[in-house]
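Q: sequence and predicted model, in that order:
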Amino acid sequence: MNRAELLERFKGEAIFLKSCEKRPMDGRQKAQLNRKGNMLFNQGDVESARRIFITTGYSDGLSRIGDYYRSKGRAIDALRMYWLAPDKKKSAEIIMDLSFMVKNLIHEGENGDG
């Protein structure tokens, strides 16, 4: 079913549609947005920078956001940024840390320590 047919099907209803289509972005637009994201990140507006870097797919920016989250103890959020970057080395480090933690929790549960 194409978009027009789908919209016609729900005509008159209050609906929310999320599209996964990416609009093409030329190199100039991407560079301009990345500069703005870097500026926002440096000013401490990490969440706005994150949204820009996700939009542009700026891997270095996503990795820096991941580093920021990791420094704040937000391992899952950091992993998400590293995964999008993609920064396999940093992703693997967090996955290993989380695996170790889960292994220890399971071990504690089996021994009645928890």
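A: That came in fine, so what should we check first? Everything numeric in this text was worked out from a predicted model, so none of it was measured.

Q: can you spell out which helices and strands pack onto the top helix by length along the chain?
A: Longest helix in the chain by number of residues (criterion: DSSP state H): helix 88-111. Applying 3 or more CB pairs under 8 Å, 6 or more residues apart in numbering; DSSP states H and E, one finds that helix 88-111 contacts helix 59-71, helix 75-84. For every residue, glycine as well, the C-beta is placed using N, CA and C.

Q: what is the subsequent helix or strand relative to the helix or strand of the chain with the lowest mean pLDDT?
A: Least confident helix or strand of the chain, by mean pLDDT, DSSP states H and E, is helix 3-9 with a mean of 76. Using DSSP states H and E, the helix or strand that follows helix 3-9 towards the C-terminus is helix 27-42.

Q: report the buried residues of that next one.
A: For helix 27-42, a neighbour-count test (16 or more other CB atoms under 10 Å) marks Leu33, Asn34, Gly37, Asn38, Leu40, Phe41 as buried.

Q: could you identify the most distant pair in those?
A: Spanning the widest gap among these are Leu33 and Phe41, at 12.3 Å by CB to CB.

Q: and Ala31, how far from Leu62?
A: Here the distance between Ala31 and Leu62 works out to 16 Å (CB to CB, to the nearest Å).

Q: now do Gly12
A: From Gly12 across to Leu62, the span is 40 Å (CB to CB).
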